[in-house]
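Q: quick one, structure for this:
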Amino acid sequence: MDDASAALVVDARGVVTGWSEGARLLTGFSADEAVGRPLRDLLAVEPGGGDDPPGRPVVPVGVVTVRHRDGRPVTLRLAVCPVHGPGDADAGHVVTALPAGAEETTLAGRVFEQSSLPISVFDAEHRFIRLNAAAAEVMGGSEQDLIGRPFSEVAGQGAATRNVDRHMRTVTETGRPLRDESYSQAAAPGLQVWDVEMWPVRDATGRVVATALAGLDSTEQHRGRRRLALLDEAASALGTTLDVVRTAEELAALLVPAFADFAAVDLLDWVLDAEAPPPRGEPDVVMRRAAHASAGPGAPDTAVPCGRSDVYPPYSPPARALREGRAVLARTGEPDFDRWMAERGAQALRAYGTRPAGIHSELAVPLRARGTTLGVAIAVRNLRPDGFTSDDALLAEEITSRAALCVDNARRFARERATALTLQHSLLPQVLPGQAAVEIAHRYLPSASAAGVGGDWFDVIPLSGTRVALVVGDVVGHGIHSTATMGRLCTAVRTLADVDLPPEELLTHLDDLVVHLAADEREDVPELGATCLYAVYDPVSRQLAVAAAGHPAPALLMPDGTCRLVPLNTGPPLGVGGLPFEATELELPEGCVVALYTDGLLEGRDRDVDDATQELHHALRTPAESLDTLCDMVLKAVLPEEPGDDVALLLARTRALGAGQVATRDVGQHPEEVAAVRKWVVDLLSAWGLDDISFVTELVVSELVTNAIRYGEPPVRLRLIRDRTLICEVTDSSSTSPHLRRAHAFDEGGRGLLLVAQLTQRWGSRQADGGKTIWAEQALPRR
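A: So this is what the prediction gives:
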């Protein structure tokens, strides 16, 4: 009889309506004796102790004790499968029975019972039919206590329980197995994770009669995956910008809420000062709050606002972390930690009127990079019950080491950027020299990108004869090296401009200089290269001469409102060597605006240069009160919100000298012409109202004309220009340049140019096609 199995049918009221031969062998009751009786009348002992709780199922499940016909108790294990009638109405149940312990006598039964995995079997109403010892331990009871009770009653009403119930219903309805991950806090402190697998149990006919569930505790694997995911997120979330405070904010946001309920990043003061070097010796425990983050309601809030300094006592975890150079883990119950929490709570009470509640664990990790301590990262927990562990400390050290490197990179970038900006500021013209040829407005915007400050520059150089040189350039690369190279090229351009070379010749000499500089550079220095545009405007002839070395052509706004680019034969960038440069000359009406700029204004990632050029033309055509206003309008209209390169913009509105400001006279080759020239000069100055300086001017003109007649070649021409100064120019066809020399006591000549130099503000010579020009400037009398 112990090896027999039984099957019986009961209706919806629990009354036996069918009785198999196996049931007779197990209980001794015949079919005539059992049919028509309530199944519970055959029980010797009610499951659960004989009470009649509300909602008790009409058919017991699991292990029951049946009264044998001869009076002795028989222990059976019942499995129940509901039977549905028309319209899914409850039509009763089919019950199968085995002698209790029969399963354990088989190999499969021993495997089930002795498995380390919790395995449970449920009926259609999700009541426990069978569970092994591991499952009983997880559910917190014995098998006898749990048999017949619904899973939701034992596991508690939570989201995880509802998910399991829903999945078991799916398995029963579809007959297909299902796998899920479940989260629980019922059986262990902190979050416990289970890999749950459910599958249908079928009878001999293939009908689903039960649902089996097995669980694997994957808490450690889940925590390991979370650690790896957090490290992977740290690799992409930290250091997105080269900004110290932003990097600190990224670290705090990364730690909360994935790792901590509150996190803060405190940095030493010198880290936030771009110009301050790291201090020598041990760091102080005075730090400044750079960032903090809270998990929300119930989580701690900061006791130290961002930007404010705070002093950490030696026993506090942050001070210990700085002093020991390692992660410090502190918990409730430790005297130093309790003392620190009491002090922090009093500080928060004074600041916000509330105390942080329930903080039970704190982790302080020093931010160290390249052997230097930069600050400390602080993480605390109060919402989650599990405290920080040694594994958490290792994870925090790994994350903060990456964050510290990003903070140090940002600090170094800020320091290099400040140095480059200071150097660049000292090299760029702050106050442009006075001149009458053009009206000037300019803007310079250093790059805010991670590449650093570039080598863009501009300059306005007064030349002889009221002319002016307009220069813009761009050195390849970014950082201090590019800025220093920019300074060298800017100085070289000013030196070559003083020689008064034509634009194409000046760029040729500048190209040679860059080639020599590149040859002298060290191997660890980036390749040297630059672009440059050099333009000369003459307000007397209204001629503009432009030459470019790999630089964008300037835009030209005409007085009638039309705008176009100056047609240029752009030469190669500086540093290529051996290739010629060509100048473009054009005559401009008075009032034209010439816009010179570096490529950062138009070029950039995902920008079309042609579209940007059209935007520049449209911005230049916009009416503006002044050139300064027009500069701002151009930058606002053309530049993106975050330009990726430096931008230099130079606007020049042309002027023209009237006929009443310029006088020209041809000079013959006879010495007696000097007297006629002197009289012409005196009469001209009298007409201009400059009698006060006519004597000096007469001497200067006499010396320059005499030298041209004596040592130059015809034709000789004299020109006087009245502008901010009085300019005397004598041009002849000889290419030989004059020079000062010291005359001896008995020499009859050699003192002319020395006299000119003494009587004028400055003098010089410039070469031109087919000759040279000697010029001298005098200050005008004050009115």
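
Q: tell me how many other residues crowd S236.
A: The tally of other residues near S236 (other Cβ atoms under 10 Å) stands at 8. For glycine as for every other residue, the C-beta is placed from the backbone atoms N, C-alpha and C.

Q: can you list contacts of the host helix or strand of it?
A: Element membership of S236 [criterion: DSSP states H and E] is helix 219-237. With Cβ atoms under 8 Å, 6 or more residues apart in numbering as the test, helix 219-237 has contacts from 181, 188, 191-193, 250, 253-254, 258-259, 391, 395, 398-399, 402-403.

Q: the closest residue to V154 other than its chain neighbours and R166, how far apart?
A: Take V154 and drop its neighbours on the chain: the residue closest to it by Cβ to Cβ, 6 or more residues apart in numbering is M139, 5.3 Å away. Distance, M139 to R166, by Cβ to Cβ, to the nearest Å: 19 Å.

Q: the two - which one has more neighbours?
A: Using other Cβ under 10 Å as the criterion, M139 and R166 rank with M139 on top: 21 against 11.

Q: give me every residue that touches the more buried one.
A: Listed by Cβ under 8 Å, 6+ apart, the contact partners of M139 are 118, 120, 131, 146, 154-155.

Q: for S541, state which of the residues you listed is nearest.
A: Relative to S541, the closest of these is A155; by Cβ to Cβ it sits at 96.8 Å.

Q: which residues are contacting whichever strand or helix holds L720?
A: For L720, the enclosing helix or strand under DSSP H and E is strand 716-722. Here strand 716-722 makes contact (Cβ under 8 Å, 6+ apart) with 465-466, 540, 657, 661-669, 677, 681, 684, 688, 690, 701, 704-705, 708-709, 726-732, 780.

Q: please identify the pairing partners of that strand and their relative orientation?
A: When pairs are called by DSSP bridges, strand 716-722 turns out to pair with strand 662-667 (antiparallel), strand 725-732 (antiparallel).

Q: how far does the last one sit from the chain's center?
A: Yep, that's strand 725-732 we're talking about. Remark: strand 725-732 is offset 59 Å from the chain centroid, using Cα atoms, centre = their mean, to the nearest Å.

Q: what comes into contact with it?
A: The set of residues external to strand 725-732 that reach it, using Cβ under 8 Å, 6+ apart, is 464-466, 667, 690, 693, 697, 700-701, 704-705, 707-708, 712-721, 761, 768, 771-780.

Q: now which of those would you call buried?
A: 464-466, 667, 690, 693, 697, 700-701, 704-705, 707-708, 712, 716-721, 771-778, 780 (16 or more other Cβ atoms under 10 Å).

Q: now do the contacts for L602.
A: 552, 609, 612-613, 616, 638.

Q: tell me the SS of G71?
A: coil (DSSP: H, G, I helix; E, B strand; the rest coil).

Q: what mean pLDDT does the strand or helix carrying V74 get?
A: Assessed by DSSP H and E, V74 sits inside strand 73-84. Taken as a whole, strand 73-84 carries a mean pLDDT of 78.

Q: again with stretch 714-732
A: The predicted model assigns stretch 714-732 a mean pLDDT of 91.

Q: for the stretch 51-200 of the chain, which segments are assigned as helices?
A: Using DSSP state H, counting those that start in this stretch, the helices of the stretch 51-200 of the chain run over 107-114, 133-139, 143-146, 151-155, 159-174.

Q: in JSON lines, list those helices along with distance to A484 and mean pLDDT.
A: Putting those into JSON lines (distance: least, Cβ to Cβ, whole Å; pLDDT from 0 to 100) gives the following:
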{"stretch": "helix 107-114", "distance to A484": "78", "mean pLDDT": "75"}
{"stretch": "helix 133-139", "distance to A484": "71", "mean pLDDT": "86"}
{"stretch": "helix 143-146", "distance to A484": "80", "mean pLDDT": "75"}
{"stretch": "helix 151-155", "distance to A484": "72", "mean pLDDT": "83"}
{"stretch": "helix 159-174", "distance to A484": "63", "mean pLDDT": "86"}
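
Q: low-scoring stretches of the stretch 101-250 of the chain, by residue?
A: Low-confidence segments of the stretch 101-250 of the chain (pLDDT under 70): 101-108, 184-191.

Q: just give me the neighbour total for A237.
A: 16.

Q: now restrict the contacts of strand 716-722 to buried residues only.
A: Listed as buried from the contacts of strand 716-722 are 465-466, 540, 657, 661-663, 665, 667, 677, 681, 684, 688, 690, 701, 704-705, 708-709, 726-732, 780; burial here means 16+ other Cβ under 10 Å.

Q: whichever helix in the chain runs longest: how far from the chain's middle?
A: Longest helix in the chain, counting residues (DSSP state H): helix 390-427. Relative to its parent chain, helix 390-427 has a centroid offset of 13 Å by Cα atoms, centre = their mean.

Q: mind listing what's buried along that helix?
A: Using 16+ other Cβ under 10 Å as the test for burial, helix 390-427 gives 392-393, 395-397, 399-411, 413-414, 416-417, 419-420, 423-424, 427.

Q: can you pull the contacts of the nearest residue to A299 once chain neighbours are set aside?
A: Spatial nearest neighbour of A299, excluding adjacent residues (Cβ to Cβ, 6+ apart): D261 at 4.3 Å. D261 makes contact with 294-295, 299-300, 380-384, according to Cβ under 8 Å, 6+ apart.

Q: any idea how far D261 lies from P552?
A: The gap separating D261 from P552 is 55 Å, by Cβ to Cβ.

Q: for the stretch 201-350 of the chain, just list every one of the strands.
A: Taking DSSP state E, counting those that start in this stretch as the test, the strands found in the stretch 201-350 of the chain are 208-217, 262-267, 286-294, 309-311, 328-331.

Q: right, I'll call it a day here.
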